[in-house]
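In: Quick one, what's the 3D model for this:
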Amino acid sequence: VAGLGNYGLWGTRHSVGMAVLDRLARQLAVAEGWRVDRRCCADVVLAAAHGLELVLLKPRRLMNLNGLSVASAAEMYSLRPEDIYLVHDDLDKALGKVVIKLGGSARGHNGVRSCISALHSNEMRRLRVGIGRP
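Out: Numbers count the residues shown, from 1 in each chain. Here you go, the predicted structure:
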């Protein structure tokens with residue numbers, strides 16, 4: 001599960017993907033386990049939920065380069081694109097509205113575009129979190 005955003009710009013709507021991962025880590029009682037993994041240039045924590053092993057990932061790159069971290073982690077953990085969930089902001093959805101989408105285009109989102117390019121696939125599931133238009 002990759003929370004897309006601009007690392008270091010906490011609290012901005014554009015980095016809501018990382019905020020969702022922070023919340024998920026707290027709910028799974030692994031929030032104290034985040035560690036920097038230089039191999040994929042990301043903060044990573046492992047968790048378990050409903051019998052699944054999860055890798056939670058917050059890229060330490062700008063949004064336009066998030067895909068490099070996601071692709072490196074996918075290789076490290078032997079994950080296929082269809083095993084990956086991207087959590088990201090969506091300007092076209094009302095604030096707080098959440099939609100799950102399977103595959104498709106990036107719809108103008110630079111972080112998703114970066115992931116599609118780096119993974120050579122658009123088969124990732126996406127949790128699109130509405131942030132509304134300014």
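In: going forward, measure contacts between C-alpha atoms and count neighbours the same way
Out: Will do.
In: ok, now which ones touch the closest residue to His109 other than its chain neighbours?
Out: Distances taken as C-alpha to C-alpha, 6 or more residues apart in numbering put Asp90 closest to His109, at 7.9 Å, once the chain neighbours are dropped. Applying C-alpha atoms under 8 Å, 6 or more residues apart in numbering, we find Asp90 in contact with 109, 128-132.
In: Please flag which of the residues you listed sit within strands.
Out: Applying DSSP state E to the contacts of Asp90, the entries found in strands are 128-130.
In: for these, which one is nearest Ser69?
Out: Arg128 (19.2 Å; C-alpha to C-alpha).
In: Report the separation between the closest one and Ser72.
Out: 22 Å (C-alpha to C-alpha, to the nearest Å).
In: Over to Val1?
Out: Val1 sits 13 Å away from Ser72, going by C-alpha to C-alpha.
In: Neighbour count for these two, which is higher?
Out: Val1 (21 against 18; other C-alpha atoms under 10 Å).
In: pLDDT wise, what is that one at?
Out: Listed pLDDT for Val1 reads 98.
In: and the nearest residue to Gly103 once chain neighbours are set aside, how many residues sit next to it?
Out: Excluding its sequence neighbours, the residue lying closest to Gly103 (C-alpha to C-alpha, 6+ apart) is Glu123, at 4.3 Å. Counted by other C-alpha under 10 Å, the residues lying close to Glu123 total 19.
In: hang on, isn't Glu123 packed against Tyr85?
Out: No - distance between Glu123 and Tyr85: 9.6 Å, which falls outside the contact criterion (C-alpha atoms under 8 Å).
In: ranges for the strands of the chain?
Out: Shown for the chain, the strands assigned by DSSP E span residues 2-3, 35-37, 42-49, 52-59, 85-90, 98-102, 125-130.
In: Please list all residues in contact with the closest residue to Ala118 other than its chain neighbours.
Out: Distances taken as C-alpha to C-alpha, 6+ apart place Gly67 nearest to Ala118, at 5.4 Å, with adjacent residues excluded. Each residue near Gly67 by C-alpha under 8 Å, 6+ apart is listed here: 111-119.
In: For Val20, give me its contacts.
Out: The neighbours of Val20, taking C-alpha under 8 Å, 6+ apart as the test, are 3, 87.
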